[in-house]
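# A structural model of the following input is requested.
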Amino acid sequence: MKTESKGKNSFTLLSGISSPVALDKRKEAISFTNPTNETGYLHGMIVRYKDKIISGSEYSLENCKIEIESDSFKNEKVIYGDLQVSVAGAPKGSPGFHLFPFSGKKPPLHSEHTVKIFLTAIGREIQAGDISVSMLFEEGESEENSKKNPFTIMGGVVENTIASGKTNDQAIVIKNPINRRGRIHGMVVRYKEGRIPGSEFSLEDCLINVASDSFKDDPIIKGQLELSVAGAPKGSPAFNMFPFPGKKPVLSNLHDLRVSLTARSRAIQPGEVAVGFLFEELK
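Numbers count the residues shown, from 1 in each chain. I've put the predicted structure just below:
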């Protein structure tokens, strides 16, 4: 898809589908090359994954991880940490156009350079065409873009079981991805909706909190915040950010971001809760 209007740069939708990725393996599965002879900029991505569960397995592709690399922005991280496709996108067949935006200073893509999409298969293998990614590419230079701060999507996943009625104050820990402080603009939260066989309980009433030594005297969340309020089940329409309005919490380069989870009706299993934070690098 290519759009153009007088006085503005042209946009192209760079698109591709995944090659196979073996279980528990990381692989460059999709790649795009700059289609022009000049530098352009990436404004965001659309991620769709096949939601169907393979016969004999309880796993879909929602826990698979996605990363983005290019020589054009090898010194700046677009994605940092563990970002699940269920946080970055939505199942195939989801309604509407949902772009996961690259806020602030857009990552450049220089002439003849390639964007590489790495996928890690978690739970089951990724088959050819299971995951589709498109990126919104602006052709030509942008003086306005150079004045903005870079943003990073910081991803994290719960890795250990949290028993029912228990709290883990470090269920997810994400380090500052740079050697400078940055502002946190909001978070995307996804949790597994399916009920464990023989149980009527889901994870929707589990509690979440976000903390750091950087803002311990000015917490983001006060009281009891359920996952169902902070986020949405995996498989929901893509990119619904829970924003932090007004004065943004600042994360020091020396501190971690800690996500606390409390399991209530049932235990939280590894991979069942995933988050993404929008982090602005400060100069």
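
# count of residues packed around the closest residue to Leu207 other than its chain neighbours?
Closest residue to Leu207 apart from its sequence neighbours, by C-beta to C-beta, 6 or more residues apart in numbering: Thr262 at 3.9 Å. (C-beta placed from N, C-alpha, C; glycine too.) If you count neighbours by other C-beta atoms under 10 Å, Thr262 ends up with 21.

# Numbering from 62 from now on, please.
In the new count, where the first residue is 62, that last one comes out as Thr323.

# For Thr323, list the residues it contacts.
Residues counted as contacts of Thr323 (C-beta atoms under 8 Å, 6 or more residues apart in numbering) are Ile223, Lys227, Thr228, Cys267, Leu268, Ile269.

# Quickly note the distance from the closest residue to Thr175 other than its chain neighbours to His159.
Nearest non-adjacent residue to Thr175, counting by C-beta to C-beta, 6+ apart: Thr94, 4.8 Å away. Thr94 sits at a distance of 25 Å from His159 (criterion: C-beta to C-beta, to the nearest Å).

# More neighbours: which of the two?
His159 (17 against 12).

# so what's the nearest residue to that one once chain neighbours are set aside up against?
Excluding the flanking residues, the one nearest His159 by C-beta to C-beta, 6+ apart is Ala299, at 3.6 Å. By C-beta under 8 Å, 6+ apart, Ala299 lies in contact with Ile107, Val108, Ala149, Gly150, Ala151, Ser155, His159, Leu160, Phe161.

# before we move on, what about Ser193?
Ser193 makes contact with Ser76, Gly77, Ile78, Ser79, Val108, Arg109, Tyr110, Lys153 under the criterion C-beta under 8 Å, 6+ apart.

# Report whether it is found in a helix, as I expect.
No - assigned with DSSP: H, G, I helix; E, B strand; the rest coil, Ser193 falls outside any helix and is strand.

# Show me where the stretch 212-344 of the chain has its strands.
212-218, 228-236, 243-252, 268-272, 293-294, 303-304, 311-312, 317-323, 334-342 (DSSP state E, counting those that start in this stretch).

# can you put these in a markdown table and add distance to Ile129 and mean pLDDT?
Below are those laid out as a markdown table (distance: least, C-beta to C-beta, whole Å; pLDDT from 0 to 100):
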| stretch | distance to Ile129 | mean pLDDT |
| --- | --- | --- |
| strand 212-218 | 9 | 96 |
| strand 228-236 | 17 | 97 |
| strand 243-252 | 16 | 96 |
| strand 268-272 | 24 | 97 |
| strand 293-294 | 23 | 92 |
| strand 303-304 | 23 | 92 |
| strand 311-312 | 21 | 96 |
| strand 317-323 | 20 | 97 |
| strand 334-342 | 13 | 96 |
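
# right, so of these, which gets closest to Ala83?
With C-beta to C-beta as the criterion, Ala83 lies closest to strand 212-218 of these, at 19.9 Å.

# ok, residues contacting the closest one?
Against strand 212-218 from outside (C-beta under 8 Å, 6+ apart): 124, 126, 137-145, 148-149, 161, 163-166, 233-235, 238-239, 243, 246, 318, 320, 331-332, 334-342.

# So how do I select the buried members of those in ChimeraX?
In ChimeraX syntax, the buried subset of the contacts of strand 212-218 is picked out as below (16 or more other C-beta atoms under 10 Å):
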select :124,126,137,138,139,140,141,142,143,144,145,148,149,161,163,164,165,166,233,235,238,239,243,246,318,320,332,334,335,336,337,338,339,340,341,342
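
# mind giving me the domain split of this protein?
For the chain, automatic domain parsing gives the domain ranges 63-208, 212-342.

# coming back round to it: can you pick the most crowded of the contacts of Thr323?
The most crowded member of the contacts of Thr323, judged by other C-beta under 10 Å, is Cys267 (27 neighbours).

# Low-confidence ranges, this structure, go.
Across the chain, the ranges flagged by pLDDT under 70 are 62-68, 113-120, 255-262.

# got JSON lines for the strands of the stretch 212-344 of the chain, with distance to Arg185 too?
Below are the strands of the stretch 212-344 of the chain laid out as JSON lines (distance: least, C-beta to C-beta, whole Å):
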{"stretch": "strand 212-218", "distance to Arg185": "16"}
{"stretch": "strand 228-236", "distance to Arg185": "23"}
{"stretch": "strand 243-252", "distance to Arg185": "18"}
{"stretch": "strand 268-272", "distance to Arg185": "27"}
{"stretch": "strand 293-294", "distance to Arg185": "19"}
{"stretch": "strand 303-304", "distance to Arg185": "29"}
{"stretch": "strand 311-312", "distance to Arg185": "34"}
{"stretch": "strand 317-323", "distance to Arg185": "25"}
{"stretch": "strand 334-342", "distance to Arg185": "17"}
